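Asker: Make a model of this:
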Amino acid sequence: MTPSEAVLRRAVPEDAPALADVHLRSRAAAPMPPSVHPDSDCEPWLRGHLEDPAQETWLAEVDGAPVAYLRLTPTWLDDLYVTPSYAGQGLGTALLDLAKTLRPDGFGLWVFEVNTPARAFYRRHGLVEVERTDGRANEERDPDVRLAFRP
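Answerer: Numbers count the residues shown, from 1 in each chain. Take a look at the predicted model:
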């Protein structure tokens, strides 16, 4: 599979179950603290974001099935998840490049400090570290790092 074989499109509320699957499987495979929310909350949470006109959610489909997604607010990249079996195949890069195109003035994102693969991914793609916290402000209470894309 190559990124050119994937279809990138805006997600719609009906995609919530598939995106929840991508989210949960990706998060479980990543070096991240466990979520403080039950898995059953993920689909309704994503559906709410998909229905919010102030946010954009894009997905990457392979053979008609969502395998990665990106969620943006006007100034933040809030989610970028790739199904583990598709990791390392360029889908994250394709979605991040899309975010840079959609937010040409820049954006920020948060990543857990322990998620060194994600931090390395963003650094390779030109994002810079701008802040570190002890995690007091996030739900997981785990240290995190704020990164920024500054064109």
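
Asker: Strands of this protein, residue ranges please.
Answerer: Applying DSSP state E to the chain gives strands spanning 7-10, 56-62, 65-72, 77-82, 107-112, 128-133, 144-149.

Asker: Turn the ones you listed into CSV, including mean neighbour count.
Answerer: (Each C-beta comes from the backbone N, C-alpha and C, glycine too.) CSV is the format used below for the strands of the chain (neighbours: other C-beta atoms under 10 Å):
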stretch, mean neighbour count
strand 7-10, 12
strand 56-62, 21
strand 65-72, 23
strand 77-82, 22
strand 107-112, 19
strand 128-133, 12
strand 144-149, 20
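
Asker: Which of those sits closest to Pro17?
Answerer: Judged by C-beta to C-beta, the one of the strands of the chain that comes nearest to Pro17 is strand 65-72, at 9.5 Å.

Asker: tell me, what residue is most central in this protein?
Answerer: Leu80 (1.3 Å; C-alpha atoms, centre = their mean).

Asker: residues contacting it?
Answerer: The neighbours of Leu80, taking C-beta atoms under 8 Å, 6 or more residues apart in numbering as the test, are Ala68, Tyr69, Leu70, Arg71, Gly92, Leu95, Leu96, Ala99, Leu109.
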